[in-house]
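> Sequence isn't available, so here's the structure alone:
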């Protein structure tokens, strides 16, 4: 009996969409639901993996807090092993008739030596106890560090075991040719849209630049025309001024000539008047001819 493949979308149990008749390539892996596709499956798996990570992190922090509370609740106590100490035995003699007899001198010396030896043994035992306590403390600290390293290693292994299925699912989606094609198509479409937008912006910028260049050329041409007209008008006015100056010079020369001639005419008129004034006097002094 042939089994119908189910949808590859996480959590979907619908059968996969049947391939179109005559279609080439791999068969569809998803149901007809438009949201169930390679990209949606990738996002779903990634979200589940992120949720598992967050749950694992919360559980790890809770375990660390519990261990920290347990360590703070127990006071570290290092039991000291009992070490035998030589007790000083003081030999005592019996009493007779309620009277105490003094020990011999040799026995007193032996007792003092035993007391000294007992004190030395006590000091040595205390030193050994201190060294053993320090050794036990160091051993406990090293054991705590080893336990912490072991706990960290166990936590890392558990995290890897927990996240490994997610990585496997994500790898399956990534290696899926249909998912890769969908991803490539999505990226290609986005790149094409960006290229079109960039080309549109470049066309607008080029058009604006052409308009600015055209306006600049028109303004420059107008400025050139106005400058040429001003220069021509100025040249014409300068020529007129030169002509007027030349006419004035000519008129001044003519006036000077006329003034010279006028002076000469005045001089002649004065000479004639003087001659006329002198002529009647001469006529009166001469006799008139007879018969006249």
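Cool, the structure landed. Since we're looking at a predicted model, the values are computed, not measured.

> Doesn't residue 226 belong to a strand?
No: Residue 226: not assigned to a strand; according to DSSP: H, G, I helix; E, B strand; the rest coil it is helix.

> Give the burial count for it, as a bare number.
10 (other C-beta atoms under 10 Å). All C-beta atoms are positioned from the backbone trio N, CA, C, and that covers glycine.

> same deal with residue 42?
Using other C-beta under 10 Å, the number of residues around residue 42 comes to 19.

> what's the closest non-adjacent residue to residue 67?
residue 151 (7.5 Å; C-beta to C-beta, 6 or more residues apart in numbering).

> I'd say that neighbour and residue 68 touch.
No: assessed by C-beta atoms under 8 Å, residue 151 is found out of contact with residue 68, at 11.5 Å.

> which of those two has more neighbours?
Counted by other C-beta under 10 Å, residue 151 and residue 68 do not tie: residue 151 has more neighbours, with 14 against 10.

> how near is the more buried one to residue 63?
Using C-beta to C-beta, to the nearest Å, residue 151 is found at 8 Å from residue 63.

> before we move on, what about residue 32?
To residue 63, residue 32 is 45 Å away according to C-beta to C-beta.

> For residue 41, report the pLDDT, please.
pLDDT, the model's per-residue confidence, is 83 for residue 41.

> Just the element for it, please.
Assigned by DSSP states H and E, residue 41 falls within helix 38-73.

> repeat for residue 13
Secondary structure assignment for residue 13, by DSSP H and E: no helix or strand.

> Chain neighbours aside, what residue packs nearest to it?
Nearest to residue 13 is residue 6, by C-beta to C-beta, 6+ apart, at 5.7 Å.

> Strands of the chain, start to end?
Read by DSSP state E, the chain holds no strands at all.

> low-confidence ranges in it?
For the chain, the stretches flagged by pLDDT under 70 are 1-2, 25, 74-146, 172-180, 280-292.

> so how far is residue 226 from residue 171?
76 Å.

> circling back: list the contacts of the residue nearest to residue 13.
Residues near residue 6 by C-beta atoms under 8 Å, 6 or more residues apart in numbering: 12, 13, 14, 15, 16.
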